[in-house]
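Engineer: sequence first, predicted coordinates after that:
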Amino acid sequence: MKTTTHTPEQIIKILEQAEKGEQTITAICREHGIAENTFYGWRKTYGGMSFNEAQRLKELEKENGRLKRLLAERVLENDLLKELLGK
């Protein structure tokens with residue numbers, strides 16, 4: 001199955017198109033080549049957001065992931081030091 005990556009701007013435009021009510025959700029999903037589950041997931045995540053807010057959300061999610069990896073590395077290092085020191 002082909003996977004495409006939509007930018008937050010594209011996602012916001014698709015959601016706005018659905019909010020207008022001119023087409024059914026099914027027709028919008030077919031037009032953009034996405035599953036309805038994807039659409040509803042986007043609506044749950046991005047519903048009511050502006051493009052700038054969506055972009056900021058992506059940046060914060062990326063930073064959060066980086067910080068989680070950093071913390072996991074520190075915990076691992078701490079556990080290894082404890083093991084080496086016999087504590």
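Structural biologist: Looks like it came in fine.

Engineer: give me the contact list for stretch 52-68.
Structural biologist: Stretch 52-68 is contacted by residues 8-9, 11-12, 45-46, 49 when judged by Cβ atoms under 8 Å, 6 or more residues apart in numbering. (Each C-beta comes from the backbone N, C-alpha and C, glycine too.)

Engineer: which of these are buried?
Structural biologist: Buried members of these, scored by 16 or more other Cβ atoms under 10 Å, are 8, 11-12, 46, 49.

Engineer: farthest pair in these?
Structural biologist: 11 and 49 (9.1 Å; Cβ to Cβ).

Engineer: could you point out the longest helix of this protein?
Structural biologist: Taking residue count as the measure and DSSP state H as the definition, the longest helix of the chain comes out as helix 51-85.

Engineer: which stretches of the protein aren't confidently modelled?
Structural biologist: Residues of the chain that meet the criterion pLDDT under 70 lie in 1-4, 87.

Engineer: repeat the analysis, applying 50 as the threshold.
Structural biologist: Filtered on pLDDT under 50, the chain yields the residue ranges 1.

Engineer: in strands only, show me the buried ones among the contacts of stretch 52-68.
Structural biologist: Helix and strand membership here follows DSSP state E; of those, not one is in strands.

Engineer: from these, which is closest to residue 71?
Structural biologist: Nearest to residue 71 among the buried ones among the contacts of stretch 52-68, counting by Cβ to Cβ, is residue 8 at 26.3 Å.

Engineer: what's near enough to touch the closest one?
Structural biologist: Contacts here follow Cβ under 8 Å, 6+ apart; on that basis residue 8 touches 46, 51, 54-55, 57-58.

Engineer: cool, and residue 23?
Structural biologist: Listed by Cβ under 8 Å, 6+ apart, the contact partners of residue 23 are 17, 31.

Engineer: mind checking the SS state of it?
Structural biologist: When the structure is reduced to helix, strand and coil (DSSP: H, G, I helix; E, B strand; the rest coil), residue 23 reads as coil.

Engineer: list the buried residues in stretch 40-54.
Structural biologist: The neighbour-count check on stretch 40-54 (16+ other Cβ under 10 Å) flags 42-43, 46, 49, 54 as buried.
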